[in-house]
Structures are given as structure tokens and as C-alpha cells.
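*Asks:* turn this into a model:
(2 chains)
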Amino acid sequence: MKRLIITAAVLILCAGAARAQDSMANFRSLIENASPPAADIGGFAAPEIFSVNQYPLRPGPGEDVIVRAKVGCYNSMVGYKIEKVELTYWKTGGEKKTVEMKAEDAQAGIYSATILSGAEGDEFFYAVSAVDNWGAAAREVYPGSDWQLLMDDDEDKTLSPAMDVRKVEASFPSENNVRLCMELGAKPEKMSGKDLVAYAIGIFGRDVRYKPELTESELTSAWLGAYLPAFSVSDLVPAAEMMSMLAPAGKKEKRADFMKKENRLCFSFAPSLIRSDYVSGLKVVGLTIAVNTGSMSIKPQDATHPVMFYPISHSYKVYKVK
Amino acid sequence: METKTGALLGRKTRTKGSARGFLKTLACAAICVAASFVAGRAGAAEGPLFLPAPQKATWTAPTVVKKAFRISADASVPDSTVREYKTNLFKWGFKDADGGMAISLKRLPASECAKVTTPPYRKTIFLEYPELQAYFLKSDAGAVSVTACGEDGFFYALMTLRNMWKDAEGGVSLYGADITDYPVFPIRGVFEGGYGKWELEGRLKIFEWMGQNKLNSYAYGPKGDSKMRRRWREPYDDLELFGFKRMIDAAKQNHIQFGYTIGPSLGFEYSSEADFKVLLTKIRQIQALGAKNIILAFDDSMGMLYYKSDMKKFKSLAYAEVYVANKLNKALKAFDPETVLVLVPEIYAGVYPMEYTDTIAKTLDRDITIGWTGNEICTPTLNGADVVKANDFYGRMMSFGDNWGGMYPMVGRAPDINKGTTQFLMNPFNLQGELPIPGAEGASLPELMHIQGASLAEFTWNPNAYDPDKTVDAIAELYFEPQARDVFKLVMMKDFYDFNALVSLKTAGYATPLEKEFSAASAAKDPKALAKIADRALPLLEKALTQQELMNSGSRNAEVGAALFKVVNGGKTYFEKLAADLKKVRDAANANDAAALEASSATFLKDLKEEK
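*Replies:* Below you'll find the predicted structure:
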């Protein structure tokens, strides 16, 4: 019986949180009606950093560099607006500076900031981030072991601290490794009352972003960095393959390393698993889920605002060509 | 002196610099070319087969090393280059560990690489500096050293390195090599300008293929994108922009400069500020994503002055188009001074002095280049003098876009075209795909670029060593299993004659190997030779008649095989006719009937070339 319950629970989970959206109309309504601070998993709208470019392409000594970002909110589909765009930059061995990027053309979503000139041999690195007026964000995660905040989430006193997601962070230690961590208000628990608990970092990597009639396919294509403490299982899996996490035999090689320390849950994996062109962005949501073993229903407990993250490196070295 | 004769075989040949030495070199060149023709461009014993062949390469036997790498980089090497190497090596399954390839990277000043490269026609933008794309690669028992002068050069060395190893027991088998390499045309690439439209995913894969084949320029201009021409006023929506973002990201990863075309002729009020703003806003959508090349296309549109305001303001259509182009050029450069604007005028081939072309030549800003397809829209031949003549007339460098729509490797392009331009783009509209054949959806297939673009990669990198026959052999070996190669070559031959007949390439003066061999034997009235050709070709024709599916099942790349089969499946009547003709030739030869042999040979040649 217990096995049956587990199987059923996982089956529900296996469609990811998406299965909660059992009708397109419902989902569409969530997209269209979500408003701050609607931390509902249906509101998957996050801004997009469409591009980041520098001018000139190959700066020589003494040349300032303009960094331009084209940032958008898919305004044709959701009603949010970009609120702030920032540029973080640094020189090898130097301190990181963060400056606000000014709107050159807000309607077209073009923002810019200047990095002052360097000398021959200097190497500069930079990354862009943007937030919208709902609180969703888009962030470029620069290479290195530093933990970079993707999204924080206010304390929710109505929830058990173990079900309260407080933030999601990322680091990009090497070209084939990304780390995503979710921090809770307390250590993870196996059960919440009579409900089974599941923790997941949802990663959505399909091209379809916010077109309501297509969003379902995006949801069912989700990957989940999932942890089910009651069964001590964890892995990064496509939503449709969640069952494999509990498969008693023939276990596949794990796709992600899982680390748990106090109230912090982390997954470490190759981003190319999710999509080969991961630099074009992966959308992340940290969420906690309760599974009612009696009614077999699932209930999202908490979710962060979604964040688009781009494991990408922008850098240039100053040298003379001409 | 040093020859490049062996370049296609990955060999290097050296002789002394005397006149006798020069003659010896010529003789050697002839022998080498003949030998390589007979042997095909297998190169397996000499070095790996890949396109484009390096300018100079000496290969030594492979060594087995662990499938691992370590990278050490000189302080002058950009971090982005080191990351790029690691990303690709991880993608190929290598681990960051000892015991495998020990890769050392070093950057030299650009002036050092300029010592080996061919001086380009001009150096206006960074892409026109071949020295930034040059590289030196040495590999010896797992020690790999790469020296380059720019990020592109490092990338091209990496793409060469990609072809130098194969999985083997105990790790990888890695060729030893000493390579000096650089492109002759600094800007080489694809102009997607046909009447269909490649689907996005296919295009992204082609970007990867372009990077691997060292092509560095792509211009988006499919007429199947209605927002590019008919509905040019409509901005791209967010999802369409996301598609462009993915394209531009992929282009950057593969060191490809992305260009965007817009054709606003329909209903454009040239003198209107409002219309200009609509045009600029539309272009800015893509320019802000990182497009450096903007192509303003007034071609194939029957443009005219529709409005009284325009008729009042401009003496002619040319003045109106130039007015918009010059204004746009300034606006685009104000946003990004590195932007290059290309104008494709109503007349975009040949050199025809008239009010329209004279006005453009005299009044268009000098830093705007002109899109030009050569002597004709589908130009049979082109050489450096043709381009220089057009440059002289228009007072600027022409941006050459070759409407080579066949799948057969390009012919009739002289290696000295680089004397008149830095760029060579190909519009790979597929002739058969473009025709309104039911089911073909009016669009060429991006997968066919593997075949269509092979000669583009070969020619533009190293035009002096380019040989279309050997390129066919190389494509056959790279993409098809041995049992499918003959059928592929025959189908390519048919494609050449189809293209030749439809676009009148007859002046190209090129003959396929079969035509050359047959014509020579026929001219010599040599019945034995003709019978021998017939004996050899008949089984192949039978194979082509009955086993065209080999192009699909015998392909080493399923997508390429399927696309090729879809487009060229057919030709039954053609091959049947040739087989029947050849049987007559053989019978006449065996009967020693000179009159019948002459008549049947003539018929065969006529049918081979599909002459009506």
C-alpha cells in the first residue's frame, strides 16, 4: 500500500508542478492575472536578457567600452515592465562594481552603461541583470565559484519554515558545471503534517516562453532538481522521468550531484543536459510541494519568483590590432 | 619557393627557388594534382580529411593519449579563448585531467600573423583582418601548441584540432601536425536569401557547421519571412525576437558575424520622416541584439516613387533610395560605429551605366557597400577583374553574394576574386527546393548546406588549391558510406547539369570528370577507351537508377541524407537515357562501327548535359 501511495505521489509529481495546471484556461488565467506578489508557480513570467553587446568589439588601449543590453518582458503577453537593469564589471584581480544601466530607448528595451578604458593587456569581465516590477528577474551568472543570488523570497510566516523558500543561488564553477542552491527557512523535513514533502528547483529550458497556448509544453518539458527526503532520493530529472528516481533496479547514472547542508539544498550538473544552447537562458523557480497521501493531490507550498539565468561569460582583453 | 600544391592532401612540398626549381615545382604540381585526382582526397594516410584544407600542413602518425586535456595559456591569451577551448573539449567528451592533450596557447601581435597571410583588398573592419584569423598549430605526442593573433584564429585552430583526433582504445588517437593556416577571403559565408525560409532549429545547426568549416558570416534574408519584405513595417514580436536572440547567440559562439536584411520597397514613402522612423525602429530591434551587418534591399521589388511628395523631392528612384540609405547609415552608425550597411539596389548584377546606377555610384555614402551578384544574377563566371571593374564604377568595394544555387561545388570562380573584395558570400538557394514542387514547400533545406557549402568553405579559405572534382570526392567521403558514394557523385553530376541548363552556366567552361574523360576519348575516336568508360559507368548508372535510397540509408549524417534524398530523389528518366546511350556506345565500339560510335557518343554527351 505504501509503495502504491509513493508511486501515485511520484506520478503526480512526475508531470512536475505543471500537472497542477490541469486546464489551459486555468493556466492562462494564472499568467494573465498574476500580480505582485503572486508567488504562484503559474506565474512563470520572467524578463529576458535578449542580448548583451559591447562597442567596440575589440577595444584598444584608451578606448571606453559601451555595454548595451536589450532587455524585455514579453510585453505582448504579460503586463510587467522592466524596473531596473544593472551592469556588474571588474578587471582581473580587481573589485566588482555594479552600476545601473540607463535606458537609451525604454520602449525598445535598450539599456547601456560605460566601462572606462583600460591599458594594454587589461582584461575586463561583466554581467548584466534585470528585474521587473513584479519581482521576477533575469541574471547573467558569471563564471567562478562565487555564489550569486538569483532570487530571494521574503519570509512567509504562514508556512512551516521548512517549507518556506528563502532564496535561490547559482554558481558557474566550470564550463561543464552549474550549481543551483535553494535555501529554506529551516532544515528540510520529510513530512508536513500528513503530507509528503518534495523540494524542487524547477528548470525550464524550452524555447516557448510565455505564449499562453504553448505554455503547457514548456511546463511538461521542465527539468526538476528534486529532493524527496522521505525516500532519501535526489536527482536532476526531466519531469516526465520522475519515476526513475524511485526505480528499485537499473538505476541510471545520476545526472546531478546533490548536496544538503542544514537548510540549503544544492544540485550540481552540466547545463548542457538541459539544453545545448543553455547560454540562451534557463528559467529557474525554487519550490516546495506538499503531497496529500490521502487525496493524492499536490499543493505547491511556496515558490520563488521565476528568474531567467544565463551561465555566460562576457569579457574582453585590451590589445592593439591596428 | 614553397608551393601549396599539397595543401589539399595536407602535405607540404618544398623546392629551391631557381627557374629549374620552378619548372620542377610545376611538374610536381601536375603530378601531385593528377595523383590526388586518381586517389581522391582520401588523405587518411597523410592526415585527416576535413574542410577547408589548411594552407600548409605536415602530418605525422597519430599517437594514442588519454581522452583528457590540460590547458596552459600565456597571459596574453583572452580568458574567453581558454573558456571556449574548455567548453568544446568538454562537449567532445574530454576530461580536465593529466595524461591527455597538453594544450598550450599563446597570442602573438597581429603584425606577426600578417607576415604569413595574404594581404586583403582592404582593412576597414576587424573581420577584414586575415591575421586575426590565422593560426599556427603543432601537435606532437599529445603536446599541442596553438599560436594565434586573435580570438578567431584560436577558434579556427580549435576547429582544426577537432578533426585531428578519433576515439581509440585507451583514449584518443591524435595526429601529429605542423600547420600554418589562414583564410584568403577574410569574410566568408552564407546569405540566406532564397524564396523560402529555413526553420530556426536547422539554421542553428548550420551555424555550428559553419563554425566547424571556418565560415564567419551569415546574413538573414529569407524572402519567406514576410516581415522582412511585404510586412516590413510590422515589428517582430517577443517570440520572434527570442528566435533572433538564439540565432545571434549561436552565431557568436561559432565566430559568425550576423547580418540582417530588410526590403522596405513596398509602399515606402522615401521622403517621409514617419516611414524612416518605422524602418529604423524595425532594424534597431535586430541591431540591438548584436547584428553588425544591415542589408537594405531594394532588389526584386519593382520599387517606384508612389507618392507625390517623393516625386516632388527626388529626381528619380535612385535619389530616393540613396537618400534613405545615407540617412539610415548615419543612424545605424550612431548606435554602433562598427555597423556596416550594404545596399542592394534594383540592379545588383553586372556593370550597366545608366541614370539609376550612375546616381547610386555618385551619391551613395562611400562607406556603404553595394550588394552585387557578379556579372549576372546567377553569374556563370567571375574573376578579380570583373569585381575591380564594378568597384571602379561604383567607387567602393562590392559585397559579393554568389547566387550559386546548385548543390554541385562551385565552378567558374577565379581564385583572384579576392583582388577586388574581402568578402564572398553564397546564397545557397537550392534550385530544386526553390521550385514550386508540391511537398517541397518552396524552401531549400538548411541541411543541404553541408553539401552546398562545402565548396564555399574550400574556395574561400584557399581558392588557389580549390578543385571542384576533389571537393565532390571529399563530400562523398565525409558524408557517405563507401557503398553510397558513387550514387551520390552521379546525383551531384545531374544536379550540376540541371543547374547549368537552367541558369545558362555554359560559359563556365567546366566539365564533370565523366564528361571530360568521355569527351577526350570521343575526340580521339578511341573505341577501346569509350568501351572501357561505358563498362565502368553502366553499373554505376544502374545503381543510380535503382539505389538512390542509398543517399539516405548510406549517409553518415542522417539529416543530410534525408534532405538530399528528399530533394534529388528522381532523375530516373535521365539515368535511363544515359544508360541506354552508353550501351549503344559500347555496342558501336565493340562492333568497331565508327559512324555509329560517333553518333552514339554525340547523343550521350548531349543527354549527359541535358541539352535540349
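*Asks:* so for residue 255, what's the nearest residue that isn't a sequence neighbour?
*Replies:* Because you didn't say which chain, this covers chain A. residue A:236 (4.3 Å; Cβ to Cβ, 6 or more residues apart in numbering or on different chains). In short, each C-beta sits where N, CA and C put it, glycine included.
*Asks:* that answer is for a different chain, and I need it for chain B
*Replies:* Once chain neighbours are set aside, the closest to residue B:255 by Cβ to Cβ, 6+ apart is residue B:155, at 4.9 Å.
*Asks:* next secondary structure after the strand or helix carrying that neighbour?
*Replies:* Taking DSSP states H and E as the criterion, residue B:155 maps to helix B:151-162. Remark: after helix B:151-162, the chain's next helix or strand is strand B:165-168, criterion DSSP H and E.
*Asks:* list the buried residues of that next one.
*Replies:* Residues of strand B:165-168 classed as buried: residue B:165 (neighbour count, 16 or more other Cβ atoms under 10 Å in any protein chain shown).
*Asks:* which helices and strands does it pack with?
*Replies:* Using 3 or more Cβ pairs under 8 Å, 6 or more residues apart in numbering or on different chains; DSSP states H and E as the contact test, the elements touching strand B:165-168 are strand B:56-65, strand B:171-181.
*Asks:* tell me what angle the shortest one forms with strand B:171-181.
*Replies:* Orientation of strand B:56-65 against strand B:171-181 (axes from the mean of the first three to the mean of the last three Cα atoms, to 10 degrees) gives an angle of 160 degrees.
*Asks:* list the buried residues in strand B:56-65.
*Replies:* For strand B:56-65, the neighbour count (16+ other Cβ under 10 Å) marks B:56, B:57, B:58, B:59, B:62, B:63, B:64, B:65 as buried.
*Asks:* pLDDT value on the last one, please?
*Replies:* The model reports residue B:65 with a pLDDT of 98.
*Asks:* likewise for the first one?
*Replies:* Predicted confidence (pLDDT) for residue B:56: 96.
*Asks:* quick check: the closest residue to residue A:204 other than its chain neighbours vs chain B, distance?
*Replies:* Distances taken as Cβ to Cβ, 6+ apart place residue A:283 nearest to residue A:204, at 4.2 Å, with adjacent residues excluded. The gap separating residue A:283 from chain B is 12 Å, by Cβ to the nearest Cβ, to the nearest Å.
*Asks:* swap in residue A:82?
*Replies:* 13 Å.
*Asks:* surely that residue and residue A:109 touch.
*Replies:* Yes: look at residue A:82 against residue A:109 with Cβ atoms under 8 Å: they come within range, at 6.5 Å.
*Asks:* can you list the low-confidence ranges for chain A?
*Replies:* In the predicted model of chain A, residues A:1-44, A:74-79, A:205-221, A:240, A:242-244, A:246-251, A:296 satisfy pLDDT under 70.
*Asks:* spatially central, which residue of it would that be?
*Replies:* residue A:284 (2.2 Å; Cα atoms, centre = their mean).
*Asks:* which residues does the residue nearest to residue B:151 when sequence neighbours are not counted contact?
*Replies:* Leaving aside its chain neighbours, residue B:151 sits nearest to residue B:81 (5.7 Å; criterion: Cβ to Cβ, 6+ apart). With contact set as Cβ atoms under 8 Å, 6 or more residues apart in numbering or on different chains, residue B:81 has these partners: B:73, B:105, B:151, B:154, B:155.
*Asks:* what's the average pLDDT for the helix holding residue B:155?
*Replies:* 98.
*Asks:* distance from the chain centre to stretch B:410-418, please.
*Replies:* The chain centre lies 12 Å from the centre of stretch B:410-418; the measure is Cα atoms, centre = their mean, to the nearest Å.
*Asks:* end to end on it, go ahead and measure it.
*Replies:* 16 Å (Cα to Cα, to the nearest Å).
*Asks:* got the contact list for that stretch?
*Replies:* Residues contacting stretch B:410-418 (Cβ under 8 Å, 6+ apart): B:118, B:120-121, B:184-185, B:379-384, B:387, B:400, B:402, B:404, B:424, B:426, B:455-456, B:459, B:463-464, B:466, B:468, B:496, B:505, B:507-510.
*Asks:* at 6 Å what do you get?
*Replies:* Contact partners of stretch B:410-418, identified using Cβ atoms under 6 Å, 6 or more residues apart in numbering or on different chains, comprise B:184-185, B:380-384, B:387, B:404, B:455, B:459, B:463-464, B:468, B:508, B:510.
*Asks:* so which strand or helix has the closest residue to residue B:79 other than its chain neighbours?
*Replies:* Computed as Cβ to Cβ, 6+ apart, the closest residue to residue B:79 that is not its neighbour in sequence is residue A:315, at 5.1 Å. Following DSSP H and E, one finds residue A:315 within strand A:314-317.
*Asks:* and the contacts of that strand?
*Replies:* A:52, A:123, A:124, A:125, A:126, B:78, B:79, B:80.
*Asks:* closest to residue B:227 among those?
*Replies:* Of all the contacts of strand A:314-317, residue A:52 has the smallest distance to residue B:227: 24.2 Å, by Cβ to Cβ.
*Asks:* what about that closest one, which helix or strand?
*Replies:* Per DSSP H and E: strand A:48-55 holds residue A:52.
*Asks:* which helices and strands does that strand pack with?
*Replies:* strand A:65-72, helix B:238-253 (3 or more Cβ pairs under 6 Å, 6 or more residues apart in numbering or on different chains; DSSP states H and E).
*Asks:* SS state for the closest residue to residue B:197 other than its chain neighbours?
*Replies:* Once flanking residues are discounted, residue B:197 sits nearest to residue B:224: 3.0 Å by Cβ to Cβ, 6+ apart. Under DSSP: H, G, I helix; E, B strand; the rest coil, the three-state class of residue B:224 is coil.
*Asks:* residue B:224 reaches residue B:193, doesn't it?
*Replies:* No: taking contacts as Cβ atoms under 6 Å, residue B:224 lies outside contact range of residue B:193: 10.4 Å.
*Asks:* ok, back up a step: could you tell me how many residues sit around the residue nearest to residue A:204?
*Replies:* Residues contacting residue A:283 under the criterion other Cβ atoms under 10 Å in any protein chain shown number 22.
*Asks:* how close does the residue lying closest to residue A:271 once chain neighbours are set aside get to chain B?
*Replies:* The shortest distance from residue A:271 to any non-neighbouring residue, by Cβ to Cβ, 6+ apart, is to residue A:278 (4.0 Å). Residue A:278 is 10 Å from chain B, where distance means Cβ to the nearest Cβ.
*Asks:* kind regards, and thank you for your time.
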